[in-house]
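S.K.: no FASTA, just this:
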């Protein structure tokens, strides 16, 4: 039907002239119809009809895979892949490729894609006479997790990487024979040979562990590009205190079977300055990292100098693990337990100890409270109660002139027994309160540093208020303070061993250097005090 536009009086009916308003309406209608034509909409005088085109399905297309940008590759000559370096699962293993993990004898314990080419979290376990340079590895007894009674020597050699300054040992499981007369060298033991500590890792000549140390840890300063050796010597005939039995019934027994599982973590600190990485540039205190078996620069140092092309980062896990210099143990929680090495509440504390225990200090910390569950260290007769801070006997058995008085736990100038033995902590009081103008406060009734004897000061509680580092020190005499068993010796020092005491019999000594239950070390709860103390 042809388009029709009203233009005369006939279109409006009759012979009347269109009104002025109707003329304007006709013009508007004409313009509207012109607009409709632009959109291909037809019109007649009776109806508006809109032309709707028939639906046509879009042409079928093959779906395209998503496009991802290519991975950022490290510059030529810069290995920042972080493979076998990036920790995973809270430090249980390192990120690696599946092929690398399987090819190097590792165990896949999870997934990990935090580094270039990595796909699995790999746990590397070294066997006897093994050697490793992995950032995180494990040293386990041959039958672990089962116990063993074999007579053998099992060792692990750790090749310290160039940028590593500390190694942390986590004793996940450690059950060996109890120490004999405060000495581990005469029973099954683990010896730690550290080239950075030729005099001993725990004190002068003290580098062995035995007894129970599950859950303990140890930090060792190491020399880069050197070795650290863990050497376990076992016979399977000495008594293991409170050993856990195999199977579901994990009761307590006095079995001679042993086992151990130790996690070895290398902690990077900073590159060497002279002749270090980064094209021979002085690197100062900038952190470094390692990828695979080769090295890469971390922080702001690159192969092209400062702010160069190669910038590898040390993962936060290693930074959190790093302990202050000189700390053999380091705790980063605000509360926890402190325990002497080889502690089982019955065996005597080791001789020749001299190491520091550190606790991380938060910004709002004002001190620390220690609560001893078990405490007994050798002390001179006058100080054996643990409550005395001044030795009026001068470390001897009888009273001496005041000029010869000594501080308890620090030994005697005239006798080598019992020697210097103490747990060092800057204490203020024993927890007793006193009323002041500002309210109740701790009574400073125990202002001392050295603690030894049968009790931890006046009782079980020691409160410290310090703005400095939270550090405690453990020192024991290099010379044994007891009879070490044998006929005529105190019953508390006797040991049920299958063979007589090795070596010449010890000289008779006073039995008054330890409480009746023996000098068994310490088990102490600590709590960092925060806020306004």
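M.R.: Great, that's in hand. Here the structure is a predicted model, which is why all the values come from computation and not from measurement.

S.K.: C-alpha only now, for contacts and for neighbours.
M.R.: Noted.

S.K.: show me what contacts the residue nearest the centre of the chain?
M.R.: Closest to where the C-alpha atoms of the chain average out (Cα atoms, centre = their mean) is residue 321, at 4.8 Å. Neighbouring residues of residue 321 by Cα atoms under 8 Å, 6 or more residues apart in numbering: residue 267.

S.K.: for it, phi and psi?
M.R.: Main-chain torsions, residue 321, degrees, to the nearest 10: phi -70, psi -30.

S.K.: what separates it from residue 444, distance-wise?
M.R.: Using Cα to Cα, to the nearest Å, residue 321 is found at 35 Å from residue 444.

S.K.: what do you get for residue 382?
M.R.: Using Cα to Cα, residue 382 is found at 23 Å from residue 444.

S.K.: Any stretches of the stretch 151-300 of the chain with poor pLDDT?
M.R.: Along the stretch 151-300 of the chain, the parts satisfying pLDDT under 70 run over 243-254, 270-300.

S.K.: what about 90?
M.R.: Applying pLDDT under 90 to the stretch 151-300 of the chain flags residues 162-163, 178, 180-182, 185-186, 205, 236-257, 269-300.

S.K.: what is the mean pLDDT for the longest helix seen in the chain?
M.R.: Identified as the longest helix of the chain according to DSSP state H is helix 20-38. Helix 20-38 shows an average pLDDT of 71 in the prediction.

S.K.: quick one: buried residues of that helix?
M.R.: 30, 33 (16 or more other Cα atoms under 10 Å).

S.K.: Which of residue 382 and residue 444 has more residues huddled nearby?
M.R.: Comparing residue 382 with residue 444 by other Cα atoms under 10 Å, the one with more neighbours is residue 382, at 24 against 17.

S.K.: Verify the assumption that that one is located in a helix.
M.R.: Yes. Under DSSP: H, G, I helix; E, B strand; the rest coil, residue 382 falls within a helix.

S.K.: start the count at 35, not 1, going forward
M.R.: Done: numbering now begins at 35, and the last item shifts to residue 416.

S.K.: Hmm, residue 438 is touching residue 430, no?
M.R.: No. Counting by Cα atoms under 8 Å, residue 438 stays clear of residue 430, with 10.2 Å between them.

S.K.: Have a look at those two and say which one is more surrounded.
M.R.: More crowded of residue 438 and residue 430, by other Cα under 10 Å: residue 430, with 21 against 15.

S.K.: wait, what's in contact with that one?
M.R.: Here residue 430 is in contact with 414-415, 446, 448-449 (criterion: Cα under 8 Å, 6+ apart).

S.K.: export those to TSV and tack on distance to residue 222, neighbour count and pLDDT?
M.R.: Listed next are these as TSV, based on distance: Cα to Cα, whole Å; neighbours: other Cα atoms under 10 Å; pLDDT from 0 to 100:
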residue	distance to residue 222	neighbour count	pLDDT
414	31	29	91
415	33	23	89
446	33	22	79
448	36	10	76
449	32	11	76
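
S.K.: and those residues, which two are the farthest apart?
M.R.: Taking Cα to Cα as the measure, the contacts of residue 430 span a maximum distance of 14.6 Å, between 415 and 448.

S.K.: Which single one of the contacts of residue 430 is nearest to residue 455?
M.R.: Nearest to residue 455, judged by Cα to Cα, of the contacts of residue 430 is residue 414 at 9.6 Å.

S.K.: All the strands of the stretch 285-434 of the chain, residue numbers only.
M.R.: 286-287, 293-302, 322-325, 328-331, 335-336, 339-340, 363-365, 369-373, 388-393, 399-410, 424-425 (DSSP state E, counting those that start in this stretch).
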